[in-house]
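Asker: any chance you can model this:
(2 chains)
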Amino acid sequence: MLIAILKRAGSIAATLLGLLALTFFMGRMLPVDPVVSIIGEQADQATYDMVFHQLGRDKPLITQFYLFVRDMLHADFGNALFTGHRVADDLAKVFPATIELATFAIIIGVVVGVPLGMLAAVYRGSAIDHVARVVGLLGYSSPTFWLGLMGLIIFYAALGVVGGPGRLDVSYIDMVEPHTGLLLVDSLIDGEYEVFWNAWRHIVLPGTILGYGSMAYISRLTRSFMLEQLRQEYIIAARAKGLSKMRVIWRHAFGNIAVQLVTVIALAYAFLLEGAVLTETVFAWPGFGRYLTSGLLAGDMNAVLACVLIVGVIFIGLNLLADILYRVMDPRTK
Amino acid sequence: MTKLHRAARLLALSSTVLLGLGAGAKAATPRDALVMAWNLDALITFDPAQIGEVNGNDIVGNVCSSLVRFDPKDVSKILPSAAESWAVSQDGLTLTFTLRPDLKFPGGRTATAADVVWSMHRFVLLGFGNAANLTQWGFTKEGIAEQIKADGDRHVVIKLAKPYPVDLILSAAFANNDASMILDKEIGEKNAKVVDGKSDYANAFFKTGPACVGPYRVTKWDSNDVVILERNDNYWGDKPKTRRVIVRHVPESGAERLLLEQGDIDVARLLKTEDLTAMAANKDINIVQTQMHGFTYLVFNGTDPILSNPRVREAFRYLIDYDALGRTVLQYQGVPRASLVPEGAFGALDKKEGQPFSLDLAKAKALITEAGYPDGFTKKMILSANNISPTIAQHVASNAAKIGIKLELEQMADAQLFTRGRAREFQVQLVGWGAGYPDADSMISRHAVNPDNRVEAKLAQYPSWRAAWQSAEINEKAEAARMERDVGKRTAMYHEIQDYMMHNGPMAYMFQTVRAIAVRSSVKNFEISPFGVDYGSASK
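Answerer: Residues are numbered from 1 along each chain as shown, chains lettered A, B, ... in the order given. Next up is the predicted model:
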């Protein structure tokens, strides 16, 4: 058992190191010079050379990578050039914003997507199946940017039922302590219910739009998994034995697709946690996706490598969680 | 009830829960706060010695007072600010500023000449790009201790390297940008760190919020999210009308517009032409504009045998439909101008003289034929993927194609565009530049003067060097104009240089930048000028 755990840990460490090395060396090939981002376009060569040296860019590549990994092991990702702050401090702010949004979205995706996919499979060819497929297709094919702006125009500007871009109205900024960075949670911890409702008003729309995409993905796969199960002989046998339709669907068919669904949901959640750049841009959501993209465009490898590491950890972590859930849910995998 | 009905009811219920719970009274901005939306992507520091981007300068201009300032109504004039007066010695080599007696930092300590001197010394010693604002006038790291000194608590004595015209040196070195902003020396010395054996002069500390004698102080900055300023109750000038200024990061024009129309912000700072045009008729919103001292222009690389021909470069100036672009994509963004000195700066050609070109394909064709390329040629143009650059580039490329010039467009991130420009790695580049001070010298000293054209000189701070263009005659004329103390003569010298550069220079200037800001009509006296926005004058 111990050997298995060690093997797994070694494989995870090697994957992460490989990911970092790949990103680092590819990043060095980018034709973007981070020195210019710091000193400004109008600076002279002496200033350029000084900052070039301060960033350690004059050292051999392999040394630069070694220094980065060494500092990273001490939880020091250095400073983000494009924000001027420590990367760790930046991430402590942007990542919770994305976790909050992604969690909201995945809840929508699961709560709506799974039943919708189930219904579509059970009533295959019926109106509900067609509706589910059209809804799913729209979720896949509508540009998030457009959906976001349309959503703002209708629900924020015309109807006034949701908040505008940003995580809070300005009147509520700084009213709660950042215990977790999740505004919905922090406001409840501090008993600031007005802030909670305001944060809710702001997350409803971007969360729902993001969740819509996940819902489309989850419902389509749920339908497909269910159709596969419903064709199996054991389902016919169960029905022939006199079990009710609901019991057969939920207990037998659904029980058998649950393991596959866990992987689908874990992947959907991982993609959401990577950050949704366009949604974050339209909704001025200070999240992880925008942070990573801005870092990339500025050639800021400190920020990019830290983000890549986090994305790697998320994917590996969620895969690990899915593996554990497999074992719990499906006795055959034990 | 059918299953379908049940499903529909469930869906309706879910929507009600999501949106119904979300419904509530719409929030207006607080009465004592001015709320702005802007793209804060580029903001990396508030240290005056380091700031290079527009939004950082704009905010710090409301946090830190300089010795002198530009008159917002006519930026070619200089007004007293933290210094109540100044005097120049007869030989023109010594400048003495007298500080106001009532300068106080937010903590209550009185600012003295020692604070001014420490602030200006670190400005040079830190050596960021901004240091050029002083070093180009002869201030050096080695000599700064002797060049800028305190005389008692209220006098700052500056030794100049040459007897520059006083208006020029005041504008370029002391009112300009952030060179003479007064920081708290005591706080700075206490928070300075040693990096690589050298002091950082509290750069790491001040970059999140400098301790200055200005109208506001920075109390919160979450990068890419929000900046909050609180009124400095010890401010020496008119008390700012609003207690707080909140700058929210909203990087998308459409979202900014919605926030403004809904009253969730008071000021929208980064709106695209289509959003500004759409709001022009809205009586709840005013659009305030000013002509900035910056340009959008084409640069031609002089190392290219075809582009080094002045006739070819001049041909490009006739490939631009200035008026059509000005009326459409550049409405609220720029006004046509071909001279390298912006209208409004000292020594600038007037509007008509500064824009003698118009779209003329026949003339452009004649010029490239005269240059020896009657069948045209193919070149690559690099440009920013942002904002209006792609539209302008497509416009130029489309007209160029009509006379046989094939321009292949390559869009890229700004950081990459600047890197390529600084390394001379381009043929044609579409780019922008902002003058540092409202004097013809600002543009001419960088865009026309090139002290050393050799590759190894690496004078990337000179766009003329980037374009591999040099004229010994222009270098001499620019230096002579810089030293001319007779206003009339200096103006005439600058006119001559502009006229020459318009036809022979390595850049084709197309548009002088316009800053357009949308403000809710409930906000009064929101004053903008080419070199700053005065937040404190605005009231609600």
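Asker: so the helix or strand encompassing B:Glu261, near chain A or not?
Answerer: B:Glu261 belongs to helix B:253-262 when elements are defined using DSSP states H and E. Yes. Counting by C-beta under 8 Å from any C-beta of the partner chain, chain A has neighbours in helix B:253-262: B:Gly254, B:Ala255, B:Leu258, B:Leu259, B:Glu261, B:Gln262. Bear in mind the C-beta positions are built from the backbone N, C-alpha and C, glycine included.
Asker: just among the residues you listed, which is most surrounded?
Answerer: Among those, the one with the most neighbours (other C-beta atoms under 10 Å in any protein chain shown) is B:Leu259, at 26 neighbours.
Asker: name the nearest residue to it, ignoring sequence neighbours.
Answerer: Nearest-residue entry for B:Leu259: B:Ile265, 4.5 Å, with adjacent residues in sequence omitted and distances by C-beta to C-beta, 6 or more residues apart in numbering or on different chains.
Asker: A:Tyr212 now?
Answerer: Among residues not flanking A:Tyr212 along the chain, A:Gly139 sits closest, at 5.0 Å (C-beta to C-beta, 6+ apart).
Asker: where exactly do the helices run in the stretch 1-150 of chain A?
Answerer: With DSSP state H, counting those that start in this stretch as the criterion, the stretch 1-150 of chain A has helices at A:2-29, A:34-39, A:45-54, A:61-73, A:87-122, A:127-141, A:144-151.
Asker: sorry, slip of the keys, the one I care about is the stretch 151-300 of chain A.
Answerer: Secondary structure of the stretch 151-300 of chain A, counting by DSSP H, counting those that start in this stretch: helices at A:183-189, A:193-230, A:233-240, A:245-247, A:254-273, A:277-282, A:288-297.
Asker: mind putting the ones you listed into CSV with mean pLDDT and mean neighbour count?
Answerer: Output for these, formatted as CSV (pLDDT from 0 to 100; neighbours: other C-beta atoms under 10 Å in any protein chain shown):
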stretch, mean pLDDT, mean neighbour count
helix A:183-189, 94, 19
helix A:193-230, 93, 22
helix A:233-240, 85, 13
helix A:245-247, 82, 10
helix A:254-273, 89, 20
helix A:277-282, 88, 24
helix A:288-297, 86, 24
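Asker: so where's the stretch 151-300 of chain B uncertain?
Answerer: Along the stretch 151-300 of chain B, segments meeting pLDDT under 70 span B:177.
Asker: ok, back up a step: pLDDT at the residue nearest to A:Tyr212, what is it?
Answerer: pLDDT for A:Gly139: 78.
Asker: next one: B:Gln90
Answerer: B:Gln90 carries a pLDDT value of 93.
Asker: let's verify it: helix, strand, or coil?
Answerer: Per DSSP: H, G, I helix; E, B strand; the rest coil, the secondary structure class of B:Gln90 is coil.
Asker: that one: how many residues sit nearby?
Answerer: 7.
Asker: deepest of the helices of the stretch 1-150 of chain A, which one?
Answerer: For the helices of the stretch 1-150 of chain A, the largest average neighbour count (mean count of other C-beta atoms under 10 Å in any protein chain shown) is found in helix A:34-39, namely a mean of 24.
Asker: is it anywhere near chain B?
Answerer: Yes. For helix A:34-39 and chain B, the contact criterion (C-beta under 8 Å from any C-beta) is met by A:Pro34, A:Val36, A:Ser37, A:Ile38, A:Ile39.
Asker: so where's chain A uncertain?
Answerer: Along chain A, segments meeting pLDDT under 70 span A:1, A:41-42, A:332-334.
Asker: so for it, the centremost residue is which one?
Answerer: Computing the C-alpha centroid of chain A and ranking residues by C-alpha atoms, centre = their mean puts A:Leu273 first, at 1.4 Å.
Asker: residues in contact with it?
Answerer: Shown in contact with A:Leu273 (C-beta atoms under 8 Å, 6 or more residues apart in numbering or on different chains): A:Thr98, A:Ile99, A:Ala102, A:Phe288, A:Val311, A:Ile314.
Asker: distance to chain B for those - can I get that in JSON lines?
Answerer: As requested, the contacts of A:Leu273 are exported to JSON lines (distance: C-beta to the nearest C-beta, whole Å):
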{"residue": "A:Thr98", "distance to chain B": "12"}
{"residue": "A:Ile99", "distance to chain B": "16"}
{"residue": "A:Ala102", "distance to chain B": "17"}
{"residue": "A:Phe288", "distance to chain B": "11"}
{"residue": "A:Val311", "distance to chain B": "18"}
{"residue": "A:Ile314", "distance to chain B": "21"}
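Asker: same list (those residues) but as JSON lines, adding distance to A:Val204.
Answerer: Output for the contacts of A:Leu273, formatted as JSON lines (distance: C-beta to C-beta, whole Å):
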{"residue": "A:Thr98", "distance to A:Val204": "16"}
{"residue": "A:Ile99", "distance to A:Val204": "17"}
{"residue": "A:Ala102", "distance to A:Val204": "15"}
{"residue": "A:Phe288", "distance to A:Val204": "20"}
{"residue": "A:Val311", "distance to A:Val204": "26"}
{"residue": "A:Ile314", "distance to A:Val204": "24"}
